[in-house]
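J.: Just the structure for this:
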Amino acid sequence: MHPITYRSSSLILLGLAYLAGVGCGTSWKADVSARPTTRSIVVDHQTDGTYRRMDVVGGAWYQTTGSDLLVLDTTGRIISRQSLAPAGTAPPASDIVVAGDEMAVLLGQSEVIVLDRTEPWRPTIVDQVDAATLGMWPLGLATEGDEILVLGKGSARTLSGEIMARSDGAEVTGVVNHLGRQLHVAGRRIHRRAGDTYLGTASLLEPAVSQANMPDASLLFARNERSGSLVGYLGEDCRELDTLSMTVGVPGQVTRLRQQGNRVLVVTSTGLYVLRVTRDGLTKEWQWSSAGVEDADWIDQGHLAIAGSFGFGVVPIGVDDPIENAVVWTASPAGLTHAASDGEGLRAHSPHGHWVYQIGREAILAERPSDPLSPPARSAAVLGWSVELNDNGVAELDTPAGNHQLEAPGDGRFHCIAATEDAFWLGHDTGILLLMLQSVDGRDEVVESRRLNVLIDGPVICIEPLVLGGGVAYAAEHGGFGIVREKF
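T.: As a prediction, this is how the structure comes out:
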């Protein structure tokens, strides 16, 4: 794809303000009919952003970013990439599981993509299961044997919609077949399906790997509290084996437990922890505190695959700084906190470096500029309309027909705005909204608007119009950089 240049939005807005008669005491009759009608907007180019959930199975490393599925080997080399939905049409993947020759990826909270992995390096899509088919809003995935389960508020179901567990409305976060009885976790409580008997407390639960220093039929659990989390082992009765020696506290909220022999990898919102079971109890073998960790899995006894807003790679266990000591590492333009135009491209800061995006190309790490980046525009005007974003992230519209408010999709917030010749582009928590202005019935002024939207792993924190028109470049916290174009 050839790189596309654009100019500063301030120059565009200055010209548009002149044409619209803003501040010059003149009026201008809008004629937008000479321009082709925009039918939709599409993501025309995008970089990778935050690398989210993963599963390493039999030497194949399945990794999600946005709505794409990457397949890597355990050296971190990308073998294949597959789009699970057209760019801009689906939320980012939020979970992934593997069960035998099948795997499933959850896109946001909307649908489950089922893939056949008979050829593990190039899995193929075999089904798409939406919320209506499931009869629930999917919030997570799990496995029971070789069967894939979908977890949500009030129930856990198979891909065909069969109910495997019910709750009183709380989110089901796990289903475990243990000693011939089915247990499920909902609202931090462990229930037995038969009679819905309450047995204990947990947020995550799975059978413990058999080992010398552990009683048979034990369960591994995590319990998320407000001030941190507890990880440890439960007995057959679902009570803690020993609160002093077999349960440990970790900061943050636990999102994943991975067992390997007598060790447990704990993924939390604040970092990674490796715990080891010894004769003296459960002890912390290693920890790495880092913001932006999304997931991790075992490569072998001495190495982990890790992913997050910093990128992905293979890191050795036991080092102080895994990224600096990584066996292999791929950085990513994600975790972006500030972004702005530099006249030639977009620049953005993240906790892990400064990124430069030349429009239509891959982003590169660069030296951080001494001058601070300009804040994103929060107001714009064109064709007698003006829009300003208030402190609550709501768009305040001043139009020829009066004033009103526009809220971002999904009860989110707007973060930035740009204007083109007959439209406003608004970046929000989950993408970009295009507000098209149009005249009707031969009227002189622009009296109506039409809204179009694309989904991006946001929030979108910066938008700049393309110099040739018909679209914008963007920077997003988790979605990296890209281009959104009008489709006529």
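J.: show me what contacts the most centrally placed residue in the chain?
T.: For the chain, the residue nearest the mean C-alpha position is residue 92 (4.8 Å; CA atoms, centre = their mean). Residue 92 sits next to 50, 52, 64-67, 107-108, 457, 478-479 when contact means CB atoms under 8 Å, 6 or more residues apart in numbering. Yep, even glycine has a C-beta here, placed from its N, CA and C like the rest.
J.: got it, and residue 191?
T.: The contact partners of residue 191, taken as CB under 8 Å, 6+ apart, are 165, 167, 183-185, 197-199.
J.: For the stretch 1-150 of the chain, give me the ranges with low pLDDT.
T.: Applying pLDDT under 70 to the stretch 1-150 of the chain flags residues 1-35.
J.: which residues in it form strands?
T.: Using DSSP state E, counting those that start in this stretch, the strands of the stretch 1-150 of the chain run over 40-46, 51-57, 60-65, 68-73, 78-83, 93-99, 102-107, 111-116, 124-130, 138-144, 147-158.
J.: Residue 84 versus residue 240, what's the distance?
T.: 40 Å (CB to CB, to the nearest Å).
J.: Kindly report the same for residue 235.
T.: The gap separating residue 235 from residue 84 is 41 Å, by CB to CB.
J.: how about low-confidence regions in the stretch 151-300 of the chain?
T.: 194-195.
J.: right, and out of the contacts of residue 92, which lies closest to residue 143?
T.: Using CB to CB, residue 64 comes nearest to residue 143 of the contacts of residue 92, at 16.8 Å.
J.: With just CA atoms, put stretch 171-180 into CSV.
T.: Provided in CSV are the C-alpha atoms of stretch 171-180 (Å, rounded to 0.1, in the frame of the first residue of the first chain):
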residue,chain,number,x,y,z
GLU,A,171,-21.6,-14.1,36.1
VAL,A,172,-20.5,-17.7,35.9
THR,A,173,-16.6,-17.7,35.8
GLY,A,174,-15.9,-21.4,35.8
VAL,A,175,-17.3,-24.9,35.4
VAL,A,176,-15.4,-27.9,36.8
ASN,A,177,-16.2,-31.7,36.7
HIS,A,178,-14.7,-32.9,40.0
LEU,A,179,-15.0,-36.4,41.4
GLY,A,180,-18.1,-37.1,39.3
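J.: ok, residues contacting it?
T.: 139-140, 142, 144-145, 149, 151-156, 164-165, 182-187, 202-207, 217, 219, 236.
J.: are any of those residues buried, and which?
T.: Among the contacts of stretch 171-180, those classed as buried by 16 or more other CB atoms under 10 Å are 139-140, 142, 144, 149, 151-152, 154-156, 164-165, 182-186, 202-206, 219.
J.: Identify whichever of the strands of the stretch 1-150 of the chain lies nearest to residue 453.
T.: Nearest of those (CB to CB): strand 40-46, 7.6 Å.
J.: Now do the same for residue 418: helix, strand or coil?
T.: strand (DSSP: H, G, I helix; E, B strand; the rest coil).
J.: Renumber starting at 197 from here on
T.: Noted, 197 is the first residue going forward, which turns the last one into residue 614.
J.: List the buried residues for stretch 402-422?
T.: For stretch 402-422, by 16+ other CB under 10 Å, it's 402, 404, 410, 414-420.
J.: ditto for stretch 625-632
T.: By neighbour count with 16+ other CB under 10 Å, stretch 625-632 contains the buried residues 625-632.
J.: Just give the number of residues close to residue 680.
T.: Other residues within reach of residue 680, judged by other CB atoms under 10 Å, total 28.
J.: which residues does it contact?
T.: Residues near residue 680 by CB under 8 Å, 6+ apart: 237-240, 284, 621, 628, 630, 650, 652, 667-668, 670.
J.: For it, pull up the helix or strand it's in.
T.: Assigned by DSSP states H and E, residue 680 falls within strand 676-683.
J.: ok, now residue 428?
T.: Counting by DSSP H and E, residue 428 is part of strand 424-430.
J.: Not counting its own residues, what contacts the helix or strand just after that strand?
T.: Counting by DSSP H and E, the element after strand 424-430 in chain order, helix or strand, is strand 443-446. Residues outside strand 443-446 that contact it (CB under 8 Å, 6+ apart) are 424-429, 436-437, 462, 464, 469, 471, 478-480, 483.
J.: List the pairing partners of strand 443-446 within its sheet, with orientation.
T.: strand 424-430 (antiparallel) (DSSP bridges).
J.: Name the residues of the strand it pairs with that are buried.
T.: Burial within strand 424-430, assessed by neighbour count using 16+ other CB under 10 Å, is assigned to 425-430.
J.: same thing with stretch 356-367?
T.: For stretch 356-367, by 16+ other CB under 10 Å, it's 360-363, 367.
J.: Check stretch 505-513 too.
T.: 505-511, 513.
J.: Residue 270 contacts residue 493, doesn't it?
T.: No - Residue 270 lies out of contact with residue 493 (CB atoms under 8 Å); the separation is 9.9 Å.
J.: Neighbour count: those two, which is higher?
T.: Shown here are residue 270 and residue 493; by other CB under 10 Å, residue 493 has more neighbours (22 against 19).
J.: related to what we said a few turns ago, of the contacts of residue 387, which is the nearest to residue 556?
T.: Of the contacts of residue 387, the one sitting nearest to residue 556 (CB to CB) turns out to be residue 381, at 46.4 Å.
J.: so is that closest one in a helix, a strand, or just coil?
T.: Assignment for residue 381 (three-state DSSP): strand.
J.: can you pull out the strands in the stretch 397-546 of the chain?
T.: So, for the stretch 397-546 of the chain - with DSSP E, counting those that start in this stretch - the strands run 400-403, 415-421, 424-430, 443-446, 450-456, 459-464, 467-474, 477-485, 489-496, 499-504, 507-512, 524-527, 534-537, 542-546.
J.: pretty sure residue 625 contacts residue 606?
T.: Yes - Residue 625 lies in contact with residue 606 (CB under 8 Å); the separation is 7.0 Å.
J.: would you turn the contacts of residue 387 into a markdown table with distance to residue 445?
T.: Below are these laid out as a markdown table (distance: CB to CB, whole Å):
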| residue | distance to residue 445 |
| --- | --- |
| 361 | 28 |
| 363 | 27 |
| 379 | 24 |
| 380 | 25 |
| 381 | 19 |
| 393 | 28 |
| 394 | 24 |
| 395 | 22 |
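J.: And those residues, which is closest to residue 575?
T.: Closest to residue 575, out of all of those and judged by CB to CB, is residue 363, at 46.1 Å.
J.: quick one: which helix or strand includes that closest one?
T.: Residue 363 belongs to strand 359-374 when assigned by DSSP H and E.
J.: Work out the sheet partners of that strand and label each with its direction, please.
T.: When DSSP bridges is applied, strand 359-374 pairs with strand 343-354 (antiparallel), strand 377-382 (antiparallel).
J.: quick one: contacts for residue 425?
T.: Residues near residue 425 by CB under 8 Å, 6+ apart: 399, 418-419, 445-450, 464.
J.: ok, and the most crowded of those?
T.: That'd be residue 418 among the contacts of residue 425, by other CB under 10 Å, with 26 neighbours.
J.: list the contacts for residue 287?
T.: 263, 303-306, 626, 651, 653.
J.: how about 7 Å then?
T.: 303-304, 306, 626, 651 (CB atoms under 7 Å, 6 or more residues apart in numbering).
J.: likewise residue 349?
T.: Contact analysis of residue 349 by CB under 7 Å, 6+ apart lists 333, 335, 365-367.
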